[in-house]
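Asker: Predicted model, plus sequence, below.
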Amino acid sequence: MKNLSIIVCFILFAAGSTVASELDGVWNLLFDFDTHPHQNNLILKVTGTEVTGRMWADDVYGTYENGKLALEFPYSFPYLPGMRGMARFDGELKDGILTGDYNVCGWQGPFRATKAIVAPLGGAYPIDGLWNCMISVSGGPHSVGTTTAMLFSFKQYGTEVTGRLLEDDVHGTHIDNRLHLEFPWTDPYFGYAEVFKIDAGYSAFDDVIFGTGTWGEDEYTISASRVPNHIVPVEKFPAGEKITKIENISEIDGVWNLLFDPDGHAHMNNLILKVSDTIVTGQMWEDQVHGTYKDGKLRLRFPYTSPYVPGSRGMALFEGEYKNGELSGSYEVGTWQGPFSATKAILGEPGGSSPLDGLWNCYVTVYSGPSAHGSTLPLLFNFKVDGTEITGRLWESDVKGTFEGNRITLDFPYADPFYPGQVKNLKLTAGYGAFDDLITGTYEWGEDRYTIIGTRVPVFVW
């Protein structure tokens, strides 16, 4: 949709909250550094004269006094993965509009920002609210691998979905956790409108949206996490705060590394299970899992969206047995069938003094290298931070790296089950945003380059 990504973001306050400043909220930010208008999100909260907030993957800091705004913070450039530098915005609020000058990683010029338009607060439907949507171009005339963030505002009535994306109205349906959108959208980079079509699934288990979309001739993979309906403090996890682990009541409760072979390659996925009496619920990729477990016998049947074949969706059936700490059996996923095996993921204890501690469900998309452009894969990271040192697990590999100033840097040998026998260093650079509890960044594995977005796995599934 663009050579340089557009980021659109909105935010909403919780019902009954008091607006402390006319600056509080989310702003549509326009700036022009290559003869085209580019848009970004700027989420701001004022306490006294201190400003905190969020821009892309980075926390925002600055001051606001007598109508004058001054922001200066380390910024990870979304358009050029791996590039990071200081961003400075100096402006003035007048008649509801922010204007001033910016300097972002050496680019500079004027900026203009207006308050975002959002759908009404609240509602009875799970997709009501604001969604930070990360998309990657997987095909079409524009740059494959380009990463874009948009924030949609959704409001559902019956099965009908309405909302906003930038200055355009969103229309579609949400039926049986399937989200279908089709509406004209004007891309500010190109200045013309095409029909935006999205086909995605909503998962109540970990509150994410994942699927595919098209805008004109461009094709996308899409993942989205909910934006909090209130402005949360940056200090979301005070030092020393612990999360209490809920004890499992079944031997299959928890997170499983699942292997199955539908096309001559070992496909991996994350299978999260929770047993109540004989009823099993859980999560696999973007889909909710349903089934039964009794006397060591597991049966799961649920609609499944393949992460490896965007847009492919069908019924999945897994029937197996728990024995000696492993699950094994047979599966049918669409037209594919065969054996499966699953082992419990090796996890650290939940909680800890670092906001990064815990389990992260990461969606990664290839944007460069010999592997298929646009391929989307699920990865499950387990992190434990001691000082600035990160340890943990990814599949059967030990994770090593550092976490300093909300920046995550990883470099460790990783054995990808999809390529048996191949071990290459996985090098990751990403930002952790305390404002919306999200990890975003890029990594490389051999010659392949990926974009990555990580959402926290709820502690009750551990």
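Answerer: Looks like it came in fine.

Asker: so where do the strands sit in the stretch 1-150 of the chain?
Answerer: Remark: strands assigned in the stretch 1-150 of the chain by DSSP state E, counting those that start in this stretch are 25-32, 37-47, 50-55, 58-65, 68-76, 84-94, 97-104, 107-115, 129-139, 147-157.

Asker: oh, I was asking about the stretch 351-462 of the chain
Answerer: For the stretch 351-462 of the chain, the strands defined by DSSP E, counting those that start in this stretch cover 358-368, 376-386, 389-394, 397-404, 407-415, 423-433, 438-445, 448-456.

Asker: how about these in TSV, adding mean neighbour count and distance to residue 325?
Answerer: (Glycine included, C-beta is placed from N, CA and C.) Converted to TSV, the strands of the stretch 351-462 of the chain look like this (neighbours: other CB atoms under 10 Å; distance: least, CB to CB, whole Å):
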stretch	mean neighbour count	distance to residue 325
strand 358-368	23	19
strand 376-386	21	18
strand 389-394	19	16
strand 397-404	16	20
strand 407-415	18	21
strand 423-433	20	25
strand 438-445	22	29
strand 448-456	23	26
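
Asker: Of all those strands, which one comes closest to residue 47?
Answerer: strand 423-433 (18.3 Å; CB to CB).

Asker: Name every strand pairing with that closest one and say which way it goes.
Answerer: As defined by DSSP bridges, the strand partners of strand 423-433 come to strand 407-415 (antiparallel), strand 438-445 (antiparallel).

Asker: What's the mean pLDDT across that strand?
Answerer: Averaging pLDDT along strand 423-433 gives 91.

Asker: That strand vs strand 376-386, what angle?
Answerer: Between strand 423-433 and strand 376-386, the angle comes out at 70 degrees (axes from the mean of the first three to the mean of the last three CA atoms, to 10 degrees).

Asker: Point out where the stretch 301-450 of the chain drops to low pLDDT.
Answerer: Residues of the stretch 301-450 of the chain meeting the criterion pLDDT under 70: 307-312, 347-352, 372-375, 435-436.

Asker: Please parse the chain into its domains.
Answerer: Domain ranges of the chain: 25-115, 129-226, 259-342, 358-461, per automatic domain parsing.

Asker: Format those as TSV; extra columns: distance to residue 251.
Answerer: What follows is the domains of the chain, written out as TSV (distance: least, CB to CB, whole Å):
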stretch	distance to residue 251
domain 25-115	38
domain 129-226	20
domain 259-342	6
domain 358-461	15
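
Asker: So which of those domains is nearest residue 253?
Answerer: That would be, of the domains of the chain and by CB to CB, domain 259-342, which comes in at 5.6 Å.

Asker: wait, doesn't residue 279 sit right on residue 292?
Answerer: Yes. Counting by CB atoms under 8 Å, residue 292 is a contact partner of residue 279 at 6.5 Å.

Asker: what comes up buried for stretch 125-138?
Answerer: 125, 127-138 (16 or more other CB atoms under 10 Å).

Asker: Revised request: answer the last question for stretch 155-166.
Answerer: Neighbour count says stretch 155-166 has 155-156, 161-166 buried, by 16+ other CB under 10 Å.

Asker: among the residues you listed, which are in helices?
Answerer: Among the buried residues of stretch 155-166, none falls in helices (DSSP state H).

Asker: Farthest pair within those?
Answerer: The widest separation within the buried residues of stretch 155-166 (CB to CB) is 19.9 Å, between 156 and 166.

Asker: and residue 61, how many neighbours does it have?
Answerer: Residue 61: 15 surrounding residues under other CB atoms under 10 Å.

Asker: Identify the residue nearest it in space, chain neighbours excluded?
Answerer: residue 73 (5.0 Å; CB to CB, 6 or more residues apart in numbering).

Asker: just checking, that neighbour touches residue 52?
Answerer: No. Assessed by CB under 8 Å, residue 73 is found out of contact with residue 52, at 9.8 Å.

Asker: can you pull the contacts of residue 154?
Answerer: By CB atoms under 8 Å, 6 or more residues apart in numbering, residue 154 lies in contact with 119, 127-131, 161-163, 170.

Asker: re the thing from before, identify the bridge partners of the residue nearest to residue 61.
Answerer: Assigned bridge partners for residue 73, using DSSP bridges, are residue 87.

Asker: Pull the number of nearby residues for it.
Answerer: Other residues close to residue 73 by other CB under 10 Å number 17.

Asker: Please renumber the chain so that the first residue is 5 from this point on.
Answerer: All set: I'll call the first residue 5, so the last point we hit is now residue 77.

Asker: Using JSON lines, lay out the strands of the stretch 355-466 of the chain together with distance to residue 217.
Answerer: What follows is those, written out as JSON lines (distance: least, CB to CB, whole Å):
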{"stretch": "strand 362-372", "distance to residue 217": "13"}
{"stretch": "strand 380-390", "distance to residue 217": "13"}
{"stretch": "strand 393-398", "distance to residue 217": "28"}
{"stretch": "strand 401-408", "distance to residue 217": "32"}
{"stretch": "strand 411-419", "distance to residue 217": "28"}
{"stretch": "strand 427-437", "distance to residue 217": "23"}
{"stretch": "strand 442-449", "distance to residue 217": "19"}
{"stretch": "strand 452-460", "distance to residue 217": "15"}
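
Asker: closest to residue 275 out of these?
Answerer: Taking CB to CB as the criterion, strand 380-390 is the member of the strands of the stretch 355-466 of the chain that comes nearest to residue 275, at 9.9 Å.

Asker: elements contacting that closest one?
Answerer: strand 271-280, strand 362-372, strand 393-398, strand 401-408 (3 or more CB pairs under 8 Å, 6 or more residues apart in numbering; DSSP states H and E).

Asker: neighbouring strands for the second one, and are they parallel or not?
Answerer: According to DSSP bridges, strand 362-372 forms sheet pairs with strand 380-390 (antiparallel), strand 452-460 (antiparallel).

Asker: what is the orientation angle of that strand with strand 151-161?
Answerer: With the same axes, to 10 degrees defining the directions, strand 362-372 sits at 120 degrees from strand 151-161.

Asker: re the thing from before, quick one, which of the strands paired with strand 362-372 is nearest to residue 328?
Answerer: Minimum separation from residue 328 across the strands paired with strand 362-372 (CB to CB) falls at strand 380-390, 22.4 Å.

Asker: From residue 326, how far out is the residue of the chain most remote from its centre?
Answerer: In the chain, counting by CA atoms, centre = their mean, residue 299 sits farthest out from the average C-alpha position, at 37.1 Å. To residue 326, residue 299 is 10 Å away according to CB to CB, to the nearest Å.

Asker: same check, this time on residue 366
Answerer: 27 Å.

Asker: Can you give me the end-to-end span of stretch 79-90?
Answerer: 6 Å (CA to CA, to the nearest Å).

Asker: ok so, going back, turn the strands of the stretch 5-154 of the chain into JSON lines, including distance to residue 408 and mean pLDDT.
Answerer: Compiled in JSON lines, these are given as follows (distance: least, CB to CB, whole Å; pLDDT from 0 to 100):
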{"stretch": "strand 29-36", "distance to residue 408": "27", "mean pLDDT": "78"}
{"stretch": "strand 41-51", "distance to residue 408": "23", "mean pLDDT": "78"}
{"stretch": "strand 54-59", "distance to residue 408": "19", "mean pLDDT": "84"}
{"stretch": "strand 62-69", "distance to residue 408": "14", "mean pLDDT": "88"}
{"stretch": "strand 72-80", "distance to residue 408": "11", "mean pLDDT": "87"}
{"stretch": "strand 88-98", "distance to residue 408": "12", "mean pLDDT": "88"}
{"stretch": "strand 101-108", "distance to residue 408": "22", "mean pLDDT": "90"}
{"stretch": "strand 111-119", "distance to residue 408": "25", "mean pLDDT": "85"}
{"stretch": "strand 133-143", "distance to residue 408": "24", "mean pLDDT": "77"}
{"stretch": "strand 151-161", "distance to residue 408": "24", "mean pLDDT": "78"}
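
Asker: Fine by me, thanks again.
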